[in-house]
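Asks: take a look and give me a structure for this.
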Amino acid sequence: MTAVYFINTWLKLFFLLTPFFALSVFLGLTRAFTPARRRKLALQTTAAGAAICLVLFFFGHAVFALFGITLDAFRVGAGTLLLVSAVASMRGQSANADPAAEDDDIAVVPLAMPIMVGPATTGVLLVMGAEVANIGQKLVASIAVLLAVAAVGAVLLLGEPIERRLGARGVRILGKVTGVFIAALAAEMILTGVGHRLGLPVP
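Replies: Modelled structure (predicted):
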């Protein structure tokens, strides 16, 4: 059960972090960068993304308590944002970015947030943090989150070889395919929130 939960959480987070959309933006922003500067930026972005994800995950319950928001209401809201994000990803919106100067500090903003960890992903991490109360599950989920961010970081590090092999068009197509999976996750969140709110049996 723990292994299944870990794999499910990892896969969910990996797609939520939109690795190929992030790669498309990363490559666009770093066209003028040296390979060494690009690698350093990829590592900085990964570290920033991991820190942001963990903060959101561990303080999700406190956010709900502070604002008096029910978990089901947030599921519906986050799911709606996620659905909008999925549609934008499938349409290839915002995939083009103007190159940045090599001395620009773009690791945290915009790469880690909002490119990797956007509003929809933020909502999902807050919901996950509020749902998981068991310490063991918290630990497993935290490891899954870190490994998902690390996997996206690996995609950024291998950006040039991936682009050479697939081409810019291939990267965009993978980003759109990712959008399909995100749309399915969004639908599940919305249906779960509505079902709980209406007292319907939800698996």
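Asks: pLDDT at residue 96, what is it?
Replies: Predicted confidence (pLDDT) at residue 96: the value is 53.
Asks: same check on residue 158?
Replies: With respect to pLDDT, residue 158 has a value of 96.
Asks: measure it to residue 186 for me?
Replies: Relative to residue 186, residue 158 is positioned 28 Å away (C-beta to C-beta, to the nearest Å). Every residue, glycine included, has its C-beta placed from N, CA and C.
Asks: same drill for the two, tell me which one is more crowded.
Replies: residue 186 (23 against 13; other C-beta atoms under 10 Å).
Asks: contacting residues for that one?
Replies: 79, 80, 82, 83, 85, 86, 120 (C-beta atoms under 8 Å, 6 or more residues apart in numbering).
Asks: and residue 66, how many neighbours?
Replies: 9.
Asks: going forward can the numbers begin at 877, since that is how I track them
Replies: Will do, 877 is the new start, and the previous item becomes residue 942.
Asks: residue 884: helix or strand, and which one exactly?
Replies: Counting by DSSP states H and E, the element that carries residue 884 is helix 878-892.
Asks: got it, and residue 1044?
Replies: helix 1035-1073.
Asks: follow-up on the earlier one: contacts for the helix holding residue 884, please.
Replies: 929, 958, 996-997, 1000, 1004, 1012-1013, 1016-1017, 1019-1021, 1023-1025, 1027-1028, 1054, 1057-1058, 1061.
Asks: ok, stretch 981-1001 next?
Replies: With C-beta under 8 Å, 6+ apart, stretch 981-1001 has contacts from 888, 892-894, 897-898, 901-902, 905, 917, 920-921, 924-925, 928-929, 932-933, 936, 950, 953-955, 957-958, 960-961, 976, 1021, 1025, 1028, 1058, 1061-1062, 1065.
Asks: if we can go back for a sec, which of the contacts of helix 878-892 fall in helices?
Replies: Counted as lying in helices by DSSP state H, out of the contacts of helix 878-892, are 929, 958, 996-997, 1000, 1004, 1012-1013, 1016-1017, 1019-1021, 1023-1025, 1027-1028, 1054, 1057-1058, 1061.
Asks: please compute how far the helix or strand of the chain with the lowest mean pLDDT lies from its chain's middle.
Replies: Taking mean pLDDT, DSSP states H and E as the measure, helix 936-943 is the helix or strand of the chain with the lowest mean score, a mean of 81. Mean C-alpha position of helix 936-943 versus that of the full chain (C-alpha atoms, centre = their mean, to the nearest Å) differs by 21 Å.
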